[in-house]
Every structure is written in structure tokens, then in C-alpha cells.
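**Q** next input, structure requested:
(one chain, ligands or ions: 2)
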Amino acid sequence: MKEKDLSIRIRSLLKEKNGIILAHNYQPPEIQDIADLTGDSLELSRKAAQTDAEVIVFAGVLFMAETASILCPEKTVILPRLDATCPMADMIDAEDIIDFKKDNPNVPVITYVNSTASVKAETDICCTSANCIKVVNSMDTDKVFMCPDQNLAKYSSKHTEKKVLFWEGYCPVHHNLRANDVINAKKEHPDALFLAHPECREEVLDIADVIASTSGMLKTVAKSQYQEFIIGTESGIIYPMQKLALDKKFYDPGKKLICPNMKKTGLNDVLAALETMENIVKIPEDIRIKALSAVKEMIKITG
Ligand code: 13P
Ligand code: SF4
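**A** Ligands and ions are numbered 1, 2, ... in the order given. This is a model prediction of the structure:
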């Protein structure tokens with residue numbers, strides 16, 4: 001089927017089933033174009049919780065669909081490709097948290113939303129790339145533990161008096177970017193502003209002009225007087241950036257950052273998922289209730 005026909009068929013099935021498509025900022029252009037809403041991981045989950053739609057097709061990776069299902073269990077959450085997972089989320093499991101808590105009973109566990117539902121379930125509070133500093137500083141202890149991303153933890157530790165213990169997980173995509181790549185890109189584009197995601201290494205964040213979540217980066221591009229930007233995150237975000245600011249220029253930071261899992265979903269997968277209604281993401285209720293409490297704690301603090 002041609003792209004246009006696929007899109008028409010998808011929209012018609014969505015109408016029939018009272019569904020919407022939520023797409024992460026890294027998704028391929030054709031998926032972002034057909035989505036009802038694009039955004040960062042937290043924005044999309046919030047949207048999932050607010051919508052009247054009964055079916056949510058989540059074009060992203062598994063932890064995002066899981067978060068939507070945690071927040072709205074009455075809705076049918078579909079992940080078009082069940083093999084679209086986040087390697088960082090899989091670098092820690094619930095047992096690891098349980099063990100940490102046994103050894104450190106008074107240290108709150110702060111878990112990045114890029115984590116599995118069962119890890120969230122053992123957690124005191126969740127955080128995102130947009131609110132991690134606020135969450136860390138809201139804890140009434142001198143010490144906190146952050147997981148699974150060591151880079152997000154090191155970044156947060158620079159903005160707090162607290163001691164930040166951390167799990168040594170990382171995003172293979174962002175962790176692959178080195179300061180030298182950025183320094184070379186800056187030499188090539190001396191008038192460009194360098195935007196970095198907090199999942200990047202400390203050496204990269206140290207030379208960033210702006211550190212932000214994916215949606216934070218989009219906001220920066222929209223309001224900035226700069227005309228050129230070096231983008232220190234997954235390259236899929238350049239598509240919405242270009243749509244937002246047609247006259248501005250966007251460059252890769254020396255190497256192209258591509259998350260293979262974010263690129264798995266195609267229009268064919270969305271159509272197949274809607275036709276079969278098979279790829280449903282549902283969290284067992286005992287885990288969901290505990291995970292929801294950690295997500296709600298975060299929302300309570302960050303608004
Ligand atoms: P955001 O929440 O900033 O969109 O990040 C999600 C992600 O997977 C980053 O790699
Ligand atoms: Fe996970 Fe990194 Fe891909 Fe984001 S970019 S989904 S953190 S592997």
C-alpha cells in the first residue's frame with residue numbers, strides 16, 4: 001500500500017475505534033506526521049491520561065507505552081512493535097532495587113521514566129529528563145539513589161547539595177557521543193548553539209550551551225535568536241525542529257545519533273496493530289498500583 005493509502009486507512013480505523021496516535025519526538029517523519037500528538041515521554045503519558053480516546057497507539061518504545069498503561073488502565077494501549085524496547089531501561093531490574101533498599105533503607109530511590117514498570121514499582125519516586133533536578137531537591141534526605149541512567153544522575157548531582165548515588169546504566173545512543181565529536185562540530189559550525197540531552201556524558205554536558213529534554217530543546221529552538229544548532233540527541237528530533245523553524249539550520253554533533261528501537265515503527269506496523277488489536281501493553285494490577293504511586297509522587301512535586 002502507498003504511504004497516502006496507509007495513512008487514510010489508519011485514520012479511518014482510529015475513528016472507528018475511538019483511538020489516537022501518540023508519537024515520540026524521535027519517531028520517523030511519517031509517524032510524526034500521522035500522530036495526533038508528538039512530544040517527550042512525560043508529555044505523551046500525560047496526554048494519554050487526559051484523552052477521551054479508548055485506544056492509544058503509542059509510537060515509541062515499550063517503557064513509554066507501559067507508563068501510559070500505568071496511568072490509564074481502563075484504556076487499550078497498543079505498541080505497534082513490541083520489540084521496540086529501550087536498552088537502558090533493561091539495564092536494571094526490580095531485584096536490583098530491592099537489594100539496594102535492603103542495604104540502604106533510608107536512601108530514597110529515584111527512577112528515570114526510562115525504566116520498566118516492575119522497576120518503577122519498587123521505586124519511591126520517578127523523574128524525567130525535564131524534572132530530575134526538582135525531584136532530587138525535593139527529597140528530605142542528604143543522600144538519594146538514581147537509576148538507571150548514570151549520566152542523568154551525574155547531571156542532577158551538579159545541581160544539588162545532596163550526595164547522589166547511582167546505577168551505572170546508560171543510553172547507548174547518547175553515551176556514544178564524546179566531547180571531541182562536539183568540539184569538532186563546533187569548529188565546523190562556530191555560530192551554532194549546542195543543545196544536549198541530559199543522557200549525554202558529563203564531558204559532553206560540560207560543553208553544552210543548553211541542556212534539555214527533547215521537548216525542552218524544541219522550545220529552545222522556537223524562542224532562540226540563534227539561527228544554527230548542533231543537536232546532541234537522537235537525530236529524529238531534527239524533523240520537528242525543522243518544521244518548527246524552517247529558516248534555521250540543524251547539525252549532527254559530529255556523528256549521527258540513531259536509536260534503532262525508535263526507528264522500528266512504520267506505518268505498516270501501526271496499521272497491522274490497529275487491525276489485529278494484538279500488541280496490547282497491560283501491566284499486572286499489583287505492579288501497576290505500586291508503579292503508579294511512584295509516578296504520582298513525581299507529578300505531585302513537579303505539577
Ligand atoms: P525525553 O523524555 O526527553 O523525550 O527523552 C526520552 C528518551 O528516550 C531520550 O533518549
Ligand atoms: Fe532508550 Fe536511548 Fe533509545 Fe531513548 S534514545 S529510547 S534512552 S536507547
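
**Q** show me what the worst-scoring helix or strand of the chain on mean pLDDT packs onto, helices and strands only.
**A** The helix or strand of the chain with the poorest confidence is helix 41-50; it has a mean of 85 (mean pLDDT, DSSP states H and E). Packing partners of helix 41-50 (3 or more C-beta pairs under 8 Å, 6 or more residues apart in numbering; DSSP states H and E): strand 19-24, strand 37-39, strand 55-59, helix 62-71. Any C-beta I mention is one placed from the backbone N, CA and C, and that applies to glycine too.

**Q** hey, where'd the strands end up in the protein?
**A** Along the chain, the segments classed as strands by DSSP state E run 19-24, 37-39, 55-59, 76-78, 109-112, 125-127, 143-147, 163-166, 193-196, 210-211, 228-232, 249-251.

**Q** to Lys243, which of these lies closest?
**A** strand 37-39 (9.8 Å; C-beta to C-beta).

**Q** the residue lying closest to Tyr26 once chain neighbours are set aside: neighbouring residues, count only.
**A** In space, Tyr26 comes closest to Gly236 once its chain neighbours are excluded; the distance is 3.6 Å by C-beta to C-beta, 6 or more residues apart in numbering. The number of residues packed near Gly236 is 22, by other C-beta atoms under 10 Å.

**Q** Asp252 too?
**A** Using other C-beta under 10 Å, Asp252 has 16 other residues around it.

**Q** contacting residues around it?
**A** Ala185, Ile230, Ile231, Ser235 (C-beta atoms under 8 Å, 6 or more residues apart in numbering).

**Q** closest to ligand 2 among those?
**A** Closest approach between those and ligand 2, by C-beta to the nearest ligand atom: Ser235, at 10.3 Å.

**Q** can you give me the end-to-end span of stretch 85-103?
**A** Distance between the two ends of stretch 85-103: 30 Å, counting by C-alpha to C-alpha, to the nearest Å.

**Q** what's around the one residue in the stretch 1-150 of the chain that gets nearest to ligand 1, how many residues?
**A** Minimum separation of the stretch 1-150 of the chain from ligand 1 (C-beta to the nearest ligand atom) falls at Asp40, amounting to 3.2 Å. Using other C-beta under 10 Å, Asp40 has 24 other residues around it.
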